[in-house]
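>>> Structure for this input, please:
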Amino acid sequence: MLLSKAVELFLNFKSKELSERTIKEYKKDLALFINLIGDKDVEFVKTADIMIFRSNMDCSPSLINRRISALNSFFNFLVDMEMIKTNPVKNSLRIKKVNQKVPEALTDEEVDKILSAARERCYRDYLMVKTILYCGLRISELLSLKRSDILKVKGYKVLRVIGKGGKERFIPLPSKFAEELETYANSIEKEILFPLTYQGAKYIFNKIAEKTGIKLHPHKLRHTFATILVDKGVDIRVIQAFLGHASPNTTARYAKVRDDVMFKVAETVFGG
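I've put the predicted structure just below:
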C-alpha cells in the first residue's frame, strides 16, 4: 500500500479517538514526510528515510520531536495492521532534551483586563476565558464541554472533563462561578457549551489580546491557574489532579482525601 493511502486509513481510524487539532497536526506532519521521501510503498520505508526527514527539518527541537512522534504513531499503526513487520522509527531519532520556555503567568491586573475585554465581546467569550482560568483546562477540553458536564457531587457543583487519552476527571466549581456557568448553559440551545473550532477560539483570544495589549493564548491562562494555586501553597499533587496530570504514588485512600481538599481549594482560591 502506498504511504498516502496508508495515511488516509490511519487518520480515519485515529479520528475516533483523537482531537480534531491532533488529527490536523498528524495530517500535516505525514504530508511533509511523503513530500520529501516520495509516495512509496509502506514496506519500502526504512530508518534511513526517517533520518533524512529529520535532517531536513529546520524547526525547533520540540516540533522535530512532535513530527517524529507522529511518524512513530503512524508506523506503529501499520505494524498493528500487519502491513509492515517493524517500525522504522527509532528512539535515537528524538532530541533527548528539549529546553521549553515556561509560559509567563498573568498578573492580577492583567487577569482583570482580559476578563473585562472578554465580557465586552460577549458573555460566551467571558465564560470561555473564566472557565480556563478557574478550572485550568486545555483548550481541547474546553471546546468539548457539554451542558451535561455540569454535575453535582457531594453537594458541590463540579465540571466533568475528558482529558488526554479519554481520561475523565471532575473539577470542583466555586459556587458563584457555578451559578454563572449554569445560567449560561440554560440560556443556550446547543448541547456543546462553547461550539467553536480551535481556530475560532484562537481568533477570539487574539482579539482579546489586541484589545488589551496583553499577549494571550489558552495555555497561558492554564499556566496562570496553576501559578495561582502554587502561590497559595496548594499541594503539588492536588494541582496535578486539577490539571489532569499523572500523580505519582497516588493511593485510593489519598484520592478520597484529595477530593475534599480540591473542593476547599476551589472555593477558597476562586470563590471570591
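>>> can I see the domain layout of the chain?
3-93, 108-270 (automatic domain parsing).
>>> Can I get these in CSV including mean neighbour count and mean pLDDT?
No exception for glycine: its C-beta is placed from N, CA and C like everyone else's. As requested, those are exported to CSV (neighbours: other CB atoms under 10 Å; pLDDT from 0 to 100):
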stretch, mean neighbour count, mean pLDDT
domain 3-93, 15, 89
domain 108-270, 16, 80
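>>> What are the boundaries of the strands in the stretch 101-250 of the chain?
Ranges of strands within the stretch 101-250 of the chain are 150-153, 156-162, 168-172, based on DSSP state E, counting those that start in this stretch.
>>> For residue 196, which of these is the nearest?
Closest approach to residue 196 among those is made by strand 156-162 (16.9 Å; CB to CB).
>>> Note down every partner strand of that closest one and its orientation.
Using DSSP bridges, strand 156-162 pairs in its sheet with strand 150-153 (antiparallel), strand 168-172 (antiparallel).
>>> and the first one, how far from the chain's centre?
This means strand 150-153. Relative to its chain's centre, strand 150-153 lies at 22 Å (CA atoms, centre = their mean, to the nearest Å).
>>> So what touches that strand?
Strand 150-153 has contacts (CB atoms under 8 Å, 6 or more residues apart in numbering) with 157, 158, 159, 160, 170, 173, 178, 181, 182, 185.
>>> ok, 10 Å please
Contacts with strand 150-153, where a contact means CB atoms under 10 Å, 6 or more residues apart in numbering, come from 157-160, 170, 172-173, 178, 181-182, 184-186, 193, 259, 263.
>>> Quick check: of those residues, which lies closest to residue 222?
Nearest member of the contacts of strand 150-153 to residue 222, counting by CB to CB, is residue 159, at 14.1 Å.
>>> Contacts only, for that closest one.
131, 134-135, 137, 141, 145, 149-151, 169-173, 177-178, 181, 193, 266.
>>> and what of residue 71?
Neighbours of residue 71 in contact, by CB under 10 Å, 6+ apart: 26, 29-30, 33, 45, 49-50, 53-54, 87-89, 93.
>>> Let me see the ranges of the helices in the chain.
Here the chain has its helices, by DSSP state H, at 3-14, 20-37, 47-55, 61-80, 108-121, 123-135, 139-143, 175-187, 198-212, 218-231, 236-243, 252-270.
>>> export those to JSON lines and tack on distance to residue 164?
As requested, those are exported to JSON lines (distance: least, CB to CB, whole Å):
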{"stretch": "helix 3-14", "distance to residue 164": "14"}
{"stretch": "helix 20-37", "distance to residue 164": "10"}
{"stretch": "helix 47-55", "distance to residue 164": "25"}
{"stretch": "helix 61-80", "distance to residue 164": "13"}
{"stretch": "helix 108-121", "distance to residue 164": "26"}
{"stretch": "helix 123-135", "distance to residue 164": "16"}
{"stretch": "helix 139-143", "distance to residue 164": "8"}
{"stretch": "helix 175-187", "distance to residue 164": "23"}
{"stretch": "helix 198-212", "distance to residue 164": "15"}
{"stretch": "helix 218-231", "distance to residue 164": "13"}
{"stretch": "helix 236-243", "distance to residue 164": "11"}
{"stretch": "helix 252-270", "distance to residue 164": "19"}
